[in-house]
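Student: model this:
(chains A and B)
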Amino acid sequence: MQTRQTIAIIGATGNMGSAISKSLAKGNYRLLLFGKDESKLKKLELTILRLHPDADVAPITCSYTASWEADIIISAIPYPAEKEVADRIKEVANQKIVISIANPLNDTFDGLVTPPGSSAAEELQKLLPHSKVIKAFNTIFAADFPKTVPAATHTGSFIAGNDPEALEIVSELVNTAGFYPIIAGDLSASRILENMQLIKILQLNK
Amino acid sequence: MYELFFRKFNEKVPLTHEEEEMIKTYLTPKKLRRKQYLLQEGDVCKSIAFVEKGALREYSIAENGNEQIIQFAIEGWTISDLYSFLTGEPATYNIDAVEDSELVLLSKSAHEELLRKLPKYETYLRLQVTGAYLALQKRLTSVNTLSPEERYANFTQLYPELVQRFPQHMIASHMGLTPETLSRARRKIKSK
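Tutor: Got it, this is the predicted structure:
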């Protein structure tokens, strides 16, 4: 695609948020970095510009405006914080792709807080009924993002969602980030993906 | 956010509150900053844009690098590469924002679903396309039969706001004139 797409990263200064932001800065995207801590945002912006001097990147202190300008919204915040943000951006996220990266872990990191017949992605879809929620980036850790440009490794990364066109667009985005996109299924496949990551976390914490 | 969109829609086809709410679920609100592209040549035009606020232009780039503007859009107008939107072929035009803009986008899938669900949308669209066709015909006649002065006088009379909002070189490009010819035409009109 020639036309530059605008991506709002909600929670850009978090571990995953900043890893995703850095990895997408080399693509044909305009990145709007949203976070609550302005000095952290500024720092992230400078880091990105040092890595990619031509990056089109701007810090933004309003999640509503960021989402309004965006074509794609990445929700890179913890699961418990998603409801509040979803309520705020609902109107301007209408019909847009919203990427859910959250793993709904409990406080002790040994279980998921979502009911068995649901997932963080499906819960977000309920909060944003007219957005196109896509699950992505939840099965990888911030440390898995390729450090070199172009990416030295090409690890697979699962995505799931209901809208074929949105899946295609997110596949391209995941590829730009340095991963090989694998479509796992419709949005309900997020249940498997989120549980997969839980198993990985349990192994790490053993 | 959709105020002007629904005002214009209702002028053409009155909607009930329920119908407005239903249409709203299909709309994409989008803010575009000055100089940002909505569409670049070579991509498929995936949505029709209605302007709530701001100003945009649609143009092609000739082999010599000259921009040829085929359409302007300000508040209440609609802009897209309709050929690309309807056929799925790559766009031959670029659309970018001349001022910071607030748009209401209708994606192809939203458009198709509304056509299926709501006959009033079909009526609205038919009136839109008919209007655009008539404007295009007028413009062709103007380019083919009028002198540069007549074209400029005609344009300023029809669209006084566009003359205020867009720089002269864009107006000239839209009329198929060089900026020099346009400025001569303006001088002639003034001295009359």
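
Student: mind checking the SS state of the closest residue in space to residue A:176 that isn't next to it in sequence?
Tutor: Using C-beta to C-beta, 6 or more residues apart in numbering or on different chains and skipping residues adjacent in sequence, the residue nearest residue A:176 is residue A:27, 3.8 Å away. Glycine gets a C-beta too; all of them are placed from N, C-alpha and C. Using DSSP: H, G, I helix; E, B strand; the rest coil, the secondary structure recorded for residue A:27 is coil.

Student: And residue A:66, by the same measure?
Tutor: helix.

Student: can you pull the contacts of it?
Tutor: A:8, A:10, A:32, A:34, A:60, A:73 (C-beta atoms under 8 Å, 6 or more residues apart in numbering or on different chains).

Student: same question, residue A:120
Tutor: Taking C-beta under 8 Å, 6+ apart as the test, what residue A:120 contacts is A:79, A:82, A:100, A:102, A:103, A:104, A:114, A:138, A:190, A:194.

Student: Just give me the neighbour total for the residue nearest to residue A:176.
Tutor: The tally of other residues near residue A:27 (other C-beta atoms under 10 Å in any protein chain shown) stands at 19.

Student: Repeat that for the one 5 residues further on.
Tutor: For residue A:32, the count of nearby residues is 26 (other C-beta under 10 Å).

Student: what helix or strand is it on?
Tutor: strand A:29-34 (DSSP states H and E).

Student: Let me see the ranges of the helices in chain A.
Tutor: A:15-24, A:38-51, A:63-69, A:82-89, A:120-127, A:164-176, A:190-204 (DSSP state H).

Student: now the first one, how far from the chain's geometric center?
Tutor: Here helix A:15-24 is found 9 Å from its chain centre; the criterion is C-alpha atoms, centre = their mean, to the nearest Å.

Student: repeat for the third one
Tutor: Relative to the mean C-alpha coordinate of its chain, helix A:63-69 is positioned 15 Å out (C-alpha atoms, centre = their mean).

Student: related to what we said a few turns ago, quick one: contacts for the residue nearest to residue A:176?
Tutor: A:173, A:176, A:177.

Student: ok, how many other residues are close to the second one?
Tutor: So the one you mean is residue A:176. For residue A:176, the neighbour count with other C-beta under 10 Å is 16.

Student: ok, it to residue A:31 distance?
Tutor: Distance of residue A:176 to residue A:31, given as C-beta to C-beta, to the nearest Å: 11 Å.

Student: Now the common contact residues for those two.
Tutor: Common contact partners of residue A:176 and residue A:31 (C-beta under 8 Å, 6+ apart): residue A:24.

Student: Out of the helices of chain A, which is closest to residue B:10?
Tutor: helix A:63-69 (24.0 Å; C-beta to C-beta).

Student: Quick one: mean pLDDT for the closest one?
Tutor: In this model, helix A:63-69 has a mean pLDDT of 97.

Student: Grab the CA positions of that helix and hand them over as PDB.
Tutor: Only the C-alpha atoms of helix A:63-69 are listed here, as PDB (Å, rounded to 0.1, in the frame of the first residue of the first chain):
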ATOM      1  CA  SER A  63      -6.300   8.700  23.400                       C
ATOM      2  CA  TYR A  64      -9.500  10.000  21.800                       C
ATOM      3  CA  THR A  65      -7.700  12.300  19.300                       C
ATOM      4  CA  ALA A  66      -5.100   9.600  18.600                       C
ATOM      5  CA  SER A  67      -7.800   7.100  17.800                       C
ATOM      6  CA  TRP A  68      -9.700   9.600  15.800                       C
ATOM      7  CA  GLU A  69      -6.700  10.200  13.500                       C
END
